[in-house]
Structure formats: C-alpha cells, structure tokens
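Colleague: Predicted model and sequence follow; I will ask about them next.
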Amino acid sequence: MDSVLDIARWQFGIVTIYHFFFVPLTIGLSLLCAVMETIWLRTKEQEWLRLTKFFAKLFLINIAMGVVTGIVQEFQFGMNWSDYSRFVGDVFGAPLAVEALLAFFLESTFIGLWIFGWDKLPRPLHAACLWIVHLGTLFSSWFILSANSWMQHPVGYRYNPRTGRAELTDFWAVMFNKVQLGTFPHVIAAAYMTGAAFVIGVAAWLYIRKADDRALYRRAMRLGAWVLAFSGIVVVISGDVQGKIMTDVQPMKMASAEALWTTSNTCAPFSVFTIGTRDGKHKKWALEVPCLLSFLATGHFDKRVQGIDNLRAEYQKTYGTDPGSRYYDAGGYTPIIPVTYWSFRWMMGLGASGAGLGFLLLWLTRRGRAPNAWWFSWAAILSPLWVLLGNSVGWLFTEVGRQPWVVFGVMTTQSAVSPGVSATEAWISVISLTLLYLVLAVVELRLLVHFIKKGAEAYVEPPDPAWRDRDDDPDRPLTFAY
Amino acid sequence: MELTTVWFCLIALLWMGYFVLEGFDFGVGMLVPILARDQRERRVLINTIGPVWDGNEVWLLTAGGATFAAFPDWYATLFSGFYLPLLMILLALIVRGVAFEFRHQRHDPAWVAWWDRAIIVGSFVPAFLWGVAFANIVRGVPIDAEKNFTGTIFTLLNPIGLLGGLVTLTLFLTHGAMFVALKTDGDIRHRARALAVRLGAVAAVLAVVFLIWAQRHTGNAGSLALFVVAALALVGALVAAARGREGWAFLGTFVCLALAVAGLFVALFPDLMPSTTPGGFTLTTTNAAATHYTLTVMTWIGAIFTPCVVLYQAWTYWVFRKRIAVHHIPTDELAQQGGRGELGMDPDPGHVLG
C-alpha cells in the first residue's frame, strides 16, 4: 500500500464506518429520549423521567463522539480528495453547505439548550429542544444522503467540457433523486432500529441485574421493541424498493451482490450461502432459492437479471478501458466481488433478524409477561451490536459496490484523489486518526459500561422554571454542570 | 453585485462569526490552567462555554461547506494544501470536543487531569494554527498551474505565518479573558479582567504589527479603515476592562476580531488564494467559483436560514445569560457517583476507568 489513493481509501473507510457507529445511535436515541421525555410530560409517571435521564446520559456520550468525528468527514473531501472536490463541488458542495446551515446549527445549539436547560426552560420547551435536535438529525441525513445518492446516480447536472467539471442544473432533482427517495427511509429506519436495539440491549441487561427495578426496564424494553419492530418493517420494505432502483441505475452493483457472472434471462436464483473460489467465479456448493434474485432485482420472479460479464462488455464500449482496473478483476468495472457478495447477505440477514427480534420481544412481553429464557436475554443484550454491524455492512456494500466509480459513470475513484498530497502526509493522517479513534473507542465503551452498570438514578423532581420569573433563587447551584 | 462577490462576503461573514465566537471559547479553554486556582474554578470556566461551544464550532463547518459549494477550487486547494496544519486542527478539535462531554463524567483526578490537558492543548493548537493559515492565505503560497499547492508545512511556518499564529493566539486569549470577566462572578471575575488587560496589551502590539504588514502587503482603503477601527476597538476594550466595564470590553474584542477578519478579506479581494509561483494559478472569486445557478440556489437558502440561525443562537446566549460563580457548581455529584446502592456489583466505580 504505497499510493496516496490506497491510503486515502483506507482512511475514508475507517473514519466513515467509525463515524457511522455514532450517527444512527444519535438519530435513534434522540428520537427515543424525546419520546420518553414527552411521555413523562403527558403521564407524569416518574419512571419515564428516570428512563429519559438514564438514556440521555448514554446518548450524550455518543453524540459527542458523533459530532467530533463528523468534522473529519467534511474536511477529508478537500484534504484527500481534492480533484473530486474540484470536479463535483458545484453539485456536491451545496448539500454539504446546506446541511451545516440547516442541520448542524440546529442540532448543536438545541442540544446545548437541552443539556443545560433543565433549570432554565419550562418543561414543554425543554422537551421541544430535544425534538428539534432530532429534527436536525433528520435534516442532516436528508442532505448528506442526497449528496451520496448523487454519487450513486448522478442527476440534475451537466458535464461542462470547458471547465472540466460537473455543474448543477437542477437542485431539486438532486434533492429528490430516486435513489435518495429509497435511501432516506432505509437509513433513517435503520437508525431507529439502532437506537431501539441499544435501548433494548441496555434494558435487557439491567432487567437481569437490577431485580428491584424490573418494571422500569421492562417499560424501556417494550418501547424499544415497538420501535425496533416497526422501523424494521420500514427497513425491509425500503430496502426492497432500493434493490429495484439499484438494478435500474447500477445494474453492476446488483450483479456483484449475487456474483452473477452471466446474464440470467429468467428466474435468477438467489444464493443464501456459497462456497467457492475467492474471486467468486466458480462455486463449489451453494444454498440457493430459485428465482429470488429476479424478484429482488425486478419485482418479478421470471425477469432477466444482467450478469457481470455482459455489463462489463457494455461499460467498456461506453467508457473505454477501466482506468481503475488494477484494483479489481482484470476485466475492470467490477467492485471486489467477495465483499459485495457477503456484505449484501449480512446486511439483509442482520436487518431482517433485527426486525424479527423486535416482534418476538413484543410477543414475549405481551400483557405484563417477562422474557426469561436465557437465550432470549442474550439475543436482546447483543442486539445493538447486531444492528450496528448491519449498518456497517450495508454501507460497505453501497460504497464498495459503486467502485471503481466515485461518481457512477462520471468519475473514477482513482482520478478523485488529491494530486498534491504526499504518501507521507496521507500516512500521518490515517495513522493518527486511527490511533486516536481507537483510544476514544476504548474510553467511550468503558464510560458507557460504567454508566450502564449503575443503572437509572432515583427520581428527582426537576425544576420547572415558569415562563416569566426565572431567577427565583440566583444562588441555586446549576442543575447540570460540566 | 456579482453573486461571486456576495458569496465571498458571506464566507467572510462565516469566518468572522467563527473567530468572534469560537475565539472566546478557545480562549477560555487555554485559560483553564492559567486563571483557575482549583477544580471548582476550572469548572466555572468550562461551564461558561458549556452550552455554546458546540454551536460556535458549527460556524467553521458552515464556512467549510460554503467554501466547498461556492468556490470548489478554493476548498480543494486550501484543504489539500494546508494538509498537516488542518490535520492537527482536526485532531485538536476532536479531543477538545470529547473532553467537554467526558471530563465531568468521572471524578477520578487522573481522569479529570487527562481531559483538562485535552481541553488546553485542543484550544491552543487551533488558536495558533488558524492564524498561521490566514496569514499564509493573505501572504500567498506556491500554487502551480494545476491549482495545487506545491509547498510543504515548512512553507507555511514562515515569519509572517508564525506572527499571524501569535496574533490569533493572543487575541483569542484576551477575548476569552474578557468573556470570563463578563460571565463569571466572584474572585475569578476580577482576576480575569486584570489578566485580560495584560494579555490585551501584548495582543495589541502583535496585532498592530501584523495588520500593518497586511496593509502594506495587499491592503486598500477599505481594509485600512477596517484595520484602524479594529485596532481602536481593541484599545477601547482594554480601557473599558481597566475601568471595570466588562460588557463594553467584551464588545470591544468582539468588534476587533470581526473587523480584523473582515479587513483581511477586503485586502484579499478579489483573490482567494494568491500564488507566489511565477506562472502559477492565483485563485480568484471568478476563476474558482461555482456556477451562477448553484450560487443562486445557495443565496436563497442562505438568505432565508442564516438570520434564523443568528436569532436562535442569540436566544441561547440570552437563556444562559446568568453569571456563573463557584457556588453555582454542584458539589453533591461526588457523593452521587460513589454512594448509590449498587447491589454489590460495582463497589468501586473509581477502578472502572481509573
């Protein structure tokens, strides 16, 4: 690994996957904490405030990590991918700028108000702050996903040969790209699943350990199970929609997802599991479901699915020889097939089983029942890792599956890297960021475990500043302080 | 006015916002070991910026995003060119941001000390490096015909760059001390005010030397006027601080930083990054800009939402307008942390992370 390109790609993979552990947790937990606080406001039941404060503490530890790792994401386009930035800035920069203006300001300002505002804001306004934070995370997702969707399926632009770059012609086409319309619900629902699984996992563990507080953690599990089950359904449905859009706009990605080398004219089977050669060209044994791939790709069990070899011939005719081919198969225009093949399966398996777990939990906790089978407790406790891994392999599939393109059909990853950056600089960057991220991961995990072990604090009536007279006691200590 | 000029002004405005806002929270971070005499005073300092530092930092992200969208070539050349300084700024902002949230989670002295170091270093590094970066942008850097920066990190560490770094460092320290004087009460408030005057005197000398250089290097009538008012505002701030007028003093450093940044941008205009390489490519508002259509869309969005942001951020400062003193810092947390019934599972939480 000597070229800046390789190093920059590894850095992008490392810091992005890492960042995306915290993103879905932030989106999901901001929703769940806002729901908990709102239920407390409506019902005045003390348990809901205890849960709000307990999960908010864990949520705030996560959001801090999400915020700081997010800065790297914005900077590294310019640092490591300057030719990409020059080429697409006109189209791709706009969503990023709007994201900062509309979403980041909202999130960062109102999270500050929420954290420090317990003794400053009337209760409904305090809860509203958290809802606004959640709204901010949704805005943020919308803009960054529309930018990503443009890389998968560039629309609303034209190539200007005079300036040698892509230029925006229709902002709304970029905002409502059909890939975006499938991706947004998929990612958001997966984030809700992540937040819900986190709540379930923590509550299930405490349910076992804190015998005197079981009613509290059962409530949390129930809320988590509802969100997990129903967002799970949205993930499955939107994922199915996405698969069909992908087949339409990036047929090579679908072919690579199945390692389908030759076009199947009818009833293409989907292999659940394959033992084969490393390049995925020859299978020794496979567990196949007949016609399922045709259905996943087209919505019909008997439709044609294009294979890699045919698509490659077509691409070579359209775009010439693949300049990025040295990374992949000798023929070019294909991603790393074993990665796309397995990440596609793991994504679907983890997502669907996560949803299944939600329904199972709802059933097992129905009408006051409690789940007490040991295997089930462990499944619940491990579900956050399960869902987080599902998110990671999903993105791995989406991004690796687009290769060798950085913008599909328009710009290759190879030509996107910064020409002026030296390998030494790129190494310093990837090593320092990776080491720092590792240290922070250890710190954050131990901190989370520490607070999870303590469980929810006893109920303390929070102050409720009236709308007008706030300074009833100017010397009162702060309710929350850093 | 051309849209490219509008966006040049808007980006200048975002950097002004960033310097005046995160400027004081960098200052407070750097002052933690200097001003505070004990743990509770450290917490007073950190809590003055607790609710707002994150929102302040977004001005940087928005400036970055706006540069990417409005002047893609500027973003590409600057970020890939100033690679290592930006990496250091990133690392600093990461540890600093996490430190604010993690520091108070445990009361183990070693734990707190580590995060204090993160806050201090994480505030010093960007406070210095932003000055280095801006001085070099104004001074000009080697850029080849392909618009790529051809220097190294040592190209940036020239005398003017280093002077620029010291200017932002001392100005942020002064601005931070003014903010502490405005936002705290008790003994620390008076110490902060006295320190602000001393720091401000140093900052004023460095800043005047730097601004005279900038004016002679590339200045025009507009930048001269801005620089003069900025310098007067700083002097006024010091006088006000010496007389105990903390509000006016903070306004003075606020105006000084805002107008100094504005003056640098006015001096730079219409260049974005002048090249010192013969035959090199000087990035300007016209040759590095996005298309008219993109700028139009962005102008509409910016015009609608920027005022909203300013309004709700201002509201936050109003909500947290109260001064903080040592007696506002809760003391019962230590007891809460270790003293709750743990069902025998976590008898000594100090060992979990300590």
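Modeller: Yes, it's here.
Colleague: which residues in chain A form strands?
Modeller: Per DSSP state E, chain A carries strands over the ranges A:157-160, A:165-168, A:270-276, A:283-289, A:405-407, A:411-412.
Colleague: okay, the ones you listed in a markdown table with mean pLDDT, distance to chain B and mean neighbour count next?
Modeller: (Each C-beta comes from the backbone N, C-alpha and C, glycine too.) Below are the strands of chain A laid out as a markdown table (pLDDT from 0 to 100; distance: least, CB to the nearest CB, whole Å; neighbours: other CB atoms under 10 Å in any protein chain shown):
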| stretch | mean pLDDT | distance to chain B | mean neighbour count |
| --- | --- | --- | --- |
| strand A:157-160 | 92 | 8 | 15 |
| strand A:165-168 | 93 | 5 | 22 |
| strand A:270-276 | 79 | 40 | 16 |
| strand A:283-289 | 78 | 44 | 12 |
| strand A:405-407 | 92 | 14 | 23 |
| strand A:411-412 | 88 | 13 | 20 |
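Colleague: want to try a markdown table for those, with distance to B:T184 as columns?
Modeller: Listed next are the strands of chain A as a markdown table, based on distance: least, CB to CB, whole Å:
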| stretch | distance to B:T184 |
| --- | --- |
| strand A:157-160 | 52 |
| strand A:165-168 | 48 |
| strand A:270-276 | 64 |
| strand A:283-289 | 68 |
| strand A:405-407 | 50 |
| strand A:411-412 | 53 |
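Colleague: And these: which comes nearest A:D83?
Modeller: Checking these against A:D83 by CB to CB gives strand A:411-412 as the closest, at 8.5 Å.
Colleague: outside of that closest one, which residues touch it?
Modeller: Outside of strand A:411-412, the residues within contact range by CB atoms under 8 Å, 6 or more residues apart in numbering or on different chains are A:Y84, A:F87, A:V88, A:A166, A:D322, A:P323, A:G324, A:P404, A:W405, A:V406.
Colleague: in its sheet, what does it sit against?
Modeller: Looking at strand A:411-412 with DSSP bridges, its partner strands are strand A:405-407 (antiparallel).
Colleague: Ramachandran angles for A:A481?
Modeller: Backbone torsions for A:A481, taken as degrees, to the nearest 10, come to phi -140, psi 150.
Colleague: do you know how far it is from A:F116?
Modeller: 8 Å (CB to CB, to the nearest Å).
Colleague: what is in contact with the two at once?
Modeller: The contact lists of A:A481 and A:F116 share B:G50, where a contact means CB under 8 Å, 6+ apart.
Colleague: okay, those two: which has more neighbours?
Modeller: Neighbour comparison, A:A481 and A:F116: the larger count goes to A:F116, with 22 against 17 (by other CB atoms under 10 Å in any protein chain shown).
Colleague: does that one really touch B:I46, like I thought?
Modeller: No: A:F116 is not in contact with B:I46 according to CB atoms under 8 Å; the separation is 11.8 Å.
Colleague: give me the low-pLDDT residue ranges for the chain?
Modeller: Picked chain A for this. For chain A, the stretches with pLDDT under 70 are A:1-2, A:277-283, A:323-331, A:466-472.
Colleague: not what I meant, chain B
Modeller: Within chain B, the segments meeting pLDDT under 70 span B:332-354.
Colleague: Show me where it has its strands.
Modeller: Remark: strands assigned in chain B by DSSP E are B:271-273, B:283-284.
Colleague: Okay, now the sheet partners of the longest one, with direction.
Modeller: Yep, that's strand B:271-273 we're talking about. Strand B:271-273 has its sheet partners listed here by DSSP bridges as strand B:283-284 (antiparallel).
Colleague: what's the partner strand in contact with?
Modeller: Applying CB under 8 Å, 6+ apart, the external contacts of strand B:283-284 come out as B:F71, B:D73, B:W74, B:T77, B:I143, B:K147, B:P270, B:D271, B:L272, B:M273, B:P274, B:S275.
Colleague: what about the helices in chain B?
Modeller: Residue ranges of the helices in chain B, as given by DSSP state H, are B:3-35, B:39-49, B:53-70, B:72-81, B:83-103, B:109-139, B:153-156, B:159-183, B:187-218, B:221-242, B:246-268, B:292-319, B:333-339, B:350-353.
Colleague: And those: which comes nearest A:L49?
Modeller: Nearest to A:L49 among those is helix B:333-339 (16.3 Å), distances taken as CB to CB.
Colleague: list residues touching both of A:F116 and B:I46?
Modeller: Counting by CB under 8 Å, 6+ apart, A:F116 and B:I46 have no contacts in common.
Colleague: who in the stretch 201-350 of chain A is up against chain B?
Modeller: Contact residues (CB under 8 Å from any CB of the partner chain) of the stretch 201-350 of chain A with chain B: A:R209, A:K210, A:A211.
Colleague: Whether the longest helix seen in chain A contacts chain B - can you check?
Modeller: Scanning chain A for the longest helix, with DSSP H as the assignment, gives helix A:4-43. No: Helix A:4-43 does not reach chain B (CB under 8 Å from any CB); its nearest approach is 10.1 Å.
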